[in-house]
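Enquirer: show me the folded form of this:
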Amino acid sequence: MSRIVTVGAAQMGPIQRAHSRREVVARMVELMREAASHRCDLVVFPELTLTTFFPRWWMEDQAEIDAFFEREMPSNETAPLFTEAKRLGIGFSLGYAELTPEGRRFNTAILVNKSAEIGGKYRKIHLPGHAGHEPWRAFQHLEKRYFEVGDLSWGTWNAFGGAMGMMICNDRRWPESYRVMGLQSVEMILLGYNTPRHNPPAPDHDRLSEFHNQLVMQAGAYQNGTWVVGVAKAGVEEGCEMIGGSSIIAPTGEVIGQALTQDDELVVARCDLDLTKSYKATTFNFDMHRQPDQYRRIVEQRGAVKAGG
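Expert: Numbering: from 1, shown residues only. All right, here's what the predicted structure looks like:
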């Protein structure tokens with residue numbers, strides 16, 4: 001018997017610095033209502049959905065920095081999203097900047113069930129960019145300054161009839177992110193991203209931004225026999241162009257739904273979780289084919305070394 005999860009990938013257009021959380025949440029609620037009209041079980045929102053991508057600026061005033069963080073979830077500003085989700089009977093995944101009671105700061109995503117209860121949390125592990133001030137850049141990428149490396153690893157949660165996992169943005173470029181969840185029999189990975197088209201240290205990569213985005217998500221889906229739902233915050237935000245390409249990708253590696261714009265846009269697909277079974281049982285039957293003893297270098301060594309090193 002098929003296990004169908006109808007998913008809405010809720011791409012967000014640009015969010016400028018002047019936009020309030022109230023305005024952003026209102027846009028999210030509209031996308032959620034649209035998803036409900038398509039009988040979606042689950043809506044996936046992008047990384048750092050509630051604000052502009054603030055790590056592009058060097059800031060020294062801690063109060064200014066902390067204004068971009070959420071101290072609780074739901075908060076007064078985000079409560080309408082939870083209230084509407086419960087009314088509609090729809091679940092969602094949300095990315096945001098988390099400030100813990102202990103004063104720790106993470107790039108976080110949560111999984112919320114159809115009763116508007118938080119059932120899962122993930123904190124971004126592969127933080128890109130730099131920590132020092134580099135004003136020569138067209139824009140900076142200071143996630144290493146504003147966030148700690150996530151401390152929850154990659155978990156999976158029994159939700160929406162299957163095994164759900166989460167990752168955030170740069171995590172998608174690293175095969176280990178998918179494999180840790182693959183080893184937990186993940187069946188659907190929810191992934192939000194904010195990805196600039198321009199890469200200041202390597203501008204020759206710019207023309208390949210969309211290609212690389214699709215390449216890693218499709219490979220991760222196929223190599224782990226899982227659905228991947230990748231959702232962008234896109235468009236020109238504070239002068240920085242971010243890619244779109246929000247996609248729903250099958251365990252075959254095929255893209256079965258994709259955004260056509262760089263604005264608020266909902267992509268909907270009926271995803272049969274049982275499509276994961278044939279890949280997990282044959283080509284990627286980990287128990288039959290993996291050789292962990294030969295992979296020790298992956299966990300024992302951090303940087304690359306020359307041959308013979």
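
Enquirer: check contacts around the nearest residue to R17 once chain neighbours are set aside.
Expert: Among residues not flanking R17 along the chain, T52 sits closest, at 4.8 Å (Cβ to Cβ, 6 or more residues apart in numbering). All C-beta atoms are positioned from the backbone trio N, CA, C, and that covers glycine. Each residue near T52 by Cβ atoms under 8 Å, 6 or more residues apart in numbering is listed here: P14, I15, Q16, R17, H19, E237, E238.

Enquirer: among the residues you listed, which one has the most neighbours?
Expert: Highest neighbour count within the contacts of T52, by other Cβ atoms under 10 Å: I15, with 24 neighbours.

Enquirer: that one touches T51, doesn't it?
Expert: Yes. If you go by Cβ atoms under 8 Å, I15 and T51 touch, sitting 6.4 Å apart.

Enquirer: if I look at the nearest residue to L152 once chain neighbours are set aside, how far off is M166?
Expert: Ranked by Cβ to Cβ, 6+ apart and with sequence neighbours excluded, the top spatial neighbour of L152 is R123, at 5.1 Å. According to Cβ to Cβ, to the nearest Å, R123 stands 10 Å off from M166.

Enquirer: comparing the two, which residue is more hemmed in?
Expert: Set R123 next to M166 and count neighbours by other Cβ under 10 Å: M166 wins out with 30 against 21.

Enquirer: going by secondary structure, the more buried one is in what exactly?
Expert: strand 162-168 (DSSP states H and E).

Enquirer: same for that strand, what does it pack against?
Expert: Taking 3 or more Cβ pairs under 8 Å, 6 or more residues apart in numbering; DSSP states H and E as contact, the helices and strands that strand 162-168 lies on are strand 105-112, strand 118-123, strand 156-159, helix 175-182, strand 188-193.

Enquirer: what's the mean pLDDT across it?
Expert: Average pLDDT, strand 162-168: 98.

Enquirer: check stretch 259-268 too.
Expert: Averaged across stretch 259-268, pLDDT comes to 98.

Enquirer: quick one: terminal-to-terminal distance for it?
Expert: Terminal residues of stretch 259-268 lie 10 Å apart, using Cα to Cα, to the nearest Å.

Enquirer: can you list the buried residues in it?
Expert: The neighbour-count check on stretch 259-268 (16 or more other Cβ atoms under 10 Å) flags A259, Q262, D264, E265, L266, V267, V268 as buried.
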